[in-house]
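Build me a model from this:
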Amino acid sequence: MIALLGVPRVAHAQTDYYNTDSGRPITIEDAYPVERYGFELQLAPVRLERSSGGSYGWQFEPELAYGIFPRTQLEIGLPIHVTDGVPGRNERGLAGIEISALHNLNVETAGLPALGVAIEGLLPVGSLAPDDPYASLKGIATRTYRFARIHLNGRWTWGAEPRETHHVPGASSSEITPMHPLSHHADSRSDELSRWLVGAAIDKTFPLKASLVTASAYVEQPLERADDLRWVTEAGLRYQWSPRLAVDAGVAKKLTGDDRPWSVTFGAAYAFAIRSLMDR
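Predicted structure coming up:
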């Protein structure tokens, strides 16, 4: 087994901090997938959100991405949610199965940014999963300048509006259990599915320190069309801890609505390859 995993990938892994995935550490991502035959395992991605009402929501979402074709990756994630702080609404469990495919359409040139397209799905599996499946289409653009990189993301989601919302007696709408993905909570975490999302990010790399700092802002329409738009701002850092391990941390703040929760996130990504797949 050690021999299977012992494929030198140092050149790619040492620059893994340069690759910004959705939620790692911000919602807006770049247009580049995992390299072909490469694996990237999100080891311990954790997100904590606190609402103004004092309730907390934790999310743990291990993910595995694989470069199945040139400039194309497949990814699967298992979001596990834990909600605390609302009387009678302490919950924990699997909140669905997330699957996605990302394809980079072109190499960035002087006249054209790098473009990518992603297809994403959320399957209703688990005790805290939505009642229905959801599918999304995302467009991504990345432009590199001397001073920084700029990223634009746009996403549209197909699927039914939530069937019901569980209100807590005596609680405001902002105290409905947060961070549940879709059907049972009115205020999902900032990077959860919405009807549509448009946002931009800027990042700056420091190659000598193997690190990247980034910030973003985006607006999204909740799945319930009658709900107000949500505006969110984020900032984060990625650092290459070792040739194969990159760590990240971020903070986000909702800017609109009666409840304006903040959240923090941290995680680690481990890059590796399996020799037998490359020898085919």
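
Can you check the distance spanned by stretch 217-227, start to finish?
Stretch 217-227 stretches 19 Å from its first residue to its last (C-alpha to C-alpha, to the nearest Å).

Give me the contact list for that stretch.
27-28, 153, 157, 159, 161-162, 182, 186, 188, 193-201, 228-234 (C-beta atoms under 8 Å, 6 or more residues apart in numbering). All C-beta spots, glycine's among them, are computed from the backbone N, C-alpha and C.

Write a PyMOL command that selects only the buried members of these.
Buried members of the contacts of stretch 217-227, defined by 16 or more other C-beta atoms under 10 Å, are picked up in PyMOL with:
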select buried, resi 27+28+153+157+159+162+182+186+188+193+194+195+197+199+201+230+231+232+233+234
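
Can you flag which of the contacts of stretch 217-227 belong to strands?
Residues of the contacts of stretch 217-227 located in strands (DSSP state E): 153, 157, 196-201, 230-234.

Any chance of CSV for the residues you listed, columns pLDDT?
Below are the ones in strands among the contacts of stretch 217-227 laid out as CSV (pLDDT from 0 to 100):
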residue, pLDDT
153, 99
157, 97
196, 97
197, 97
198, 98
199, 99
200, 99
201, 99
230, 94
231, 97
232, 97
233, 98
234, 98
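
Is it possible to get CSV of those residues that adds distance to residue 132?
CSV is the format used below for the ones in strands among the contacts of stretch 217-227 (distance: C-beta to C-beta, whole Å):
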residue, distance to residue 132
153, 24
157, 11
196, 17
197, 19
198, 24
199, 25
200, 30
201, 30
230, 21
231, 27
232, 24
233, 30
234, 28
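
any idea which of those is closest to residue 277?
residue 153 (29.9 Å; C-beta to C-beta).

For the closest residue to the closest one other than its chain neighbours, list the residues it contacts.
Closest residue to residue 153 apart from its sequence neighbours, by C-beta to C-beta, 6 or more residues apart in numbering: residue 28 at 4.9 Å. Contacts for residue 28 were tallied using C-beta under 8 Å, 6+ apart; they are 20, 22, 151-153, 199-201, 216, 218, 234.

Touching, residue 121 and residue 137? I think so.
No. Look at residue 121 against residue 137 with C-beta atoms under 8 Å: they stay out of range, at 10.5 Å.

Compare the two and say which one has the larger neighbour count.
Between residue 121 and residue 137, counting by other C-beta atoms under 10 Å, residue 121 is the more crowded of the two (18 against 13).

so how far is residue 16 from the more buried one?
Distance of residue 121 to residue 16, computed by C-beta to C-beta, to the nearest Å: 25 Å.

need the strands for the stretch 101-250 of the chain, in chain order.
When secondary structure is read from DSSP state E, counting those that start in this stretch, the stretch 101-250 of the chain shows strands at 114-123, 134-144, 149-158, 196-206, 211-221, 230-240, 245-254.

so can I have CSV of the ones you listed showing distance to residue 59?
Conversion of those to CSV gives the following (distance: least, C-beta to C-beta, whole Å):
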stretch, distance to residue 59
strand 114-123, 14
strand 134-144, 17
strand 149-158, 19
strand 196-206, 18
strand 211-221, 17
strand 230-240, 15
strand 245-254, 12
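
And the ones you listed: which comes nearest residue 46?
strand 245-254 (10.0 Å).

Next, the angle strand 230-240 makes with that closest one.
Between the axes of strand 245-254 and strand 230-240, defined by axes from the mean of the first three to the mean of the last three C-alpha atoms, to 10 degrees, the angle is 160 degrees.

and strand 245-254 with strand 211-221, angle?
40 degrees.

what's the next helix or strand after strand 245-254 in contact with?
Per DSSP states H and E, the first helix or strand lying C-terminal to strand 245-254 is strand 262-273. Residues outside strand 262-273 that contact it (C-beta under 8 Å, 6+ apart): 5, 7, 9, 12-13, 16, 21, 23-25, 34, 37-50, 189-190, 236, 241, 244-254.
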